[in-house]
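In: Structure of the sequence below:
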Amino acid sequence: MGLEYNRAMPLSYRIKVHPRARRISLKVLRDASLEVVAPPGANTRTIRDFVEANREWAERARARVGKDRPAGPEAGPFPSELALRSLDRLVRVHYVEADRPTFRWNGLDLSVGLPERESNVVRPALVAALKQCAIDRLSPRFRALAGQHGLIHGRLTWRNQKSRWGSCSANGNISLNVRLMFLPPELVDYVFVHELAHLKHADHSRRFWNAVEDMLPGALWRRKQLRSVDGLLPEWIFRDGR
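Out: Take a look at the predicted model:
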């Protein structure tokens, strides 16, 4: 059975103006939303016509994103389990009444306190819990890799980013995506090494990729694997990119 849609209903999308873009392009993000990358001065009508011309491709791509989502205890806005592959842990989630959104880790159990059982309330609490776990368990791994290669970085932060696994600023501050908690260790290490290599080379030149491969042999294979991990991420994590 094919995907049905109303052609009279325009697609919703975000526009990102990129100073180096030479043409309009369309991306389906991990939350199944659409993002148009356009060069400066692009006409809004031209952008709209471009999106409509690529509607069928966009709808198929969005359907694939939704199809690959995990079902069972991890599904829905109130998951009862979290598969933290980065730590090889399956966490049980319990929900209790509380005056304000809170969380508490207790071994393989996560207790989430909620004043009301609504998805827009539980999501920030779950993300905050993941951030705390990442700080406690993954940050030491990142710092160990940096020390192993004699690299000094600035501030290390964790965020729930929509389209980046990590970033490195000009002054060496590193931002990592809390969604790494759901990926296997070998892919987490690749993201770590990728950002650490930016401390040597700010661009994606051949020297940069050589540095990545020197630090992590087989990095190219891991990079390819990272492009097809959306099915490992629970649906609720995509609804807030902050």
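In: can we go C-alpha only for contacts and neighbour counts from here?
Out: Will do.
In: Domain parsing of the protein, as residue ranges.
Out: Dividing the chain into domains by automatic domain parsing, as the record does, gives the ranges 14-67, 72-239.
In: Redo those as a markdown table? Include mean neighbour count and mean pLDDT.
Out: Below are these laid out as a markdown table (neighbours: other C-alpha atoms under 10 Å; pLDDT from 0 to 100):
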| stretch | mean neighbour count | mean pLDDT |
| --- | --- | --- |
| domain 14-67 | 15 | 84 |
| domain 72-239 | 17 | 92 |
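In: got the contact list for stretch 16-28?
Out: 34-40, 47, 50-51, 58, 61-62 (C-alpha atoms under 8 Å, 6 or more residues apart in numbering).
In: now these in a markdown table, with distance to Asp230 and secondary structure?
Out: Listed next are these as a markdown table, based on distance: C-alpha to C-alpha, whole Å; DSSP: H, G, I helix; E, B strand; the rest coil:
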| residue | distance to Asp230 | secondary structure |
| --- | --- | --- |
| Leu34 | 16 | strand |
| Glu35 | 17 | strand |
| Val36 | 20 | strand |
| Val37 | 21 | strand |
| Ala38 | 25 | strand |
| Pro39 | 28 | coil |
| Pro40 | 31 | coil |
| Ile47 | 27 | helix |
| Phe50 | 26 | helix |
| Val51 | 23 | helix |
| Ala58 | 16 | helix |
| Ala61 | 12 | helix |
| Arg62 | 12 | helix |
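In: Which of those sits closest to Gly107?
Out: Out of those, the one with the shortest distance to Gly107 is Arg62. That distance is 36.3 Å, counting by C-alpha to C-alpha.
In: what ranges do the strands span in the chain?
Out: Remark: strands assigned in the chain by DSSP state E are 14-17, 25-28, 34-38, 81-84, 89-97, 102-106, 109-114, 156-159, 166-168, 174-177.
In: Out of the ones you listed, which gets nearest to Gly218?
Out: When the strands of the chain are compared by C-alpha to C-alpha, strand 166-168 sits nearest Gly218, at 19.4 Å.
In: Need the contact partners of the lengthiest helix in the chain.
Out: Among the elements of the chain assigned as helix by DSSP state H, the one spanning the most residues is helix 119-133. Applying C-alpha under 8 Å, 6+ apart, the set of residues contacting helix 119-133 from outside is 77-78, 101-105, 112, 114, 158-160, 178, 181, 236-237, 240.
In: want to throw the strands of the chain into a markdown table with distance to Val121?
Out: Conversion of the strands of the chain to a markdown table gives the following (distance: least, C-alpha to C-alpha, whole Å):
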| stretch | distance to Val121 |
| --- | --- |
| strand 14-17 | 25 |
| strand 25-28 | 26 |
| strand 34-38 | 25 |
| strand 81-84 | 18 |
| strand 89-97 | 12 |
| strand 102-106 | 10 |
| strand 109-114 | 7 |
| strand 156-159 | 18 |
| strand 166-168 | 26 |
| strand 174-177 | 21 |
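In: For Arg222, find the nearest of those strands.
Out: Between Arg222 and these, the shortest separation by C-alpha to C-alpha is 15.1 Å, and it involves strand 166-168.
In: next one: the closest one to chain centre, how far?
Out: Centroid displacement of strand 166-168 relative to its chain, using C-alpha atoms, centre = their mean, to the nearest Å, is 12 Å.
In: quick one: strands adjacent to that strand?
Out: If you go by DSSP bridges, strand 166-168 pairs up with strand 174-177 (antiparallel).
In: From Asp49, how far off is Arg100?
Out: Taking C-alpha to C-alpha, to the nearest Å as the criterion, Arg100 is separated from Asp49 by 46 Å.
In: should've said Arg22
Out: According to C-alpha to C-alpha, Arg22 stands 17 Å off from Asp49.
In: now Arg179
Out: Using C-alpha to C-alpha, one gets 34 Å for the distance from Arg179 to Asp49.
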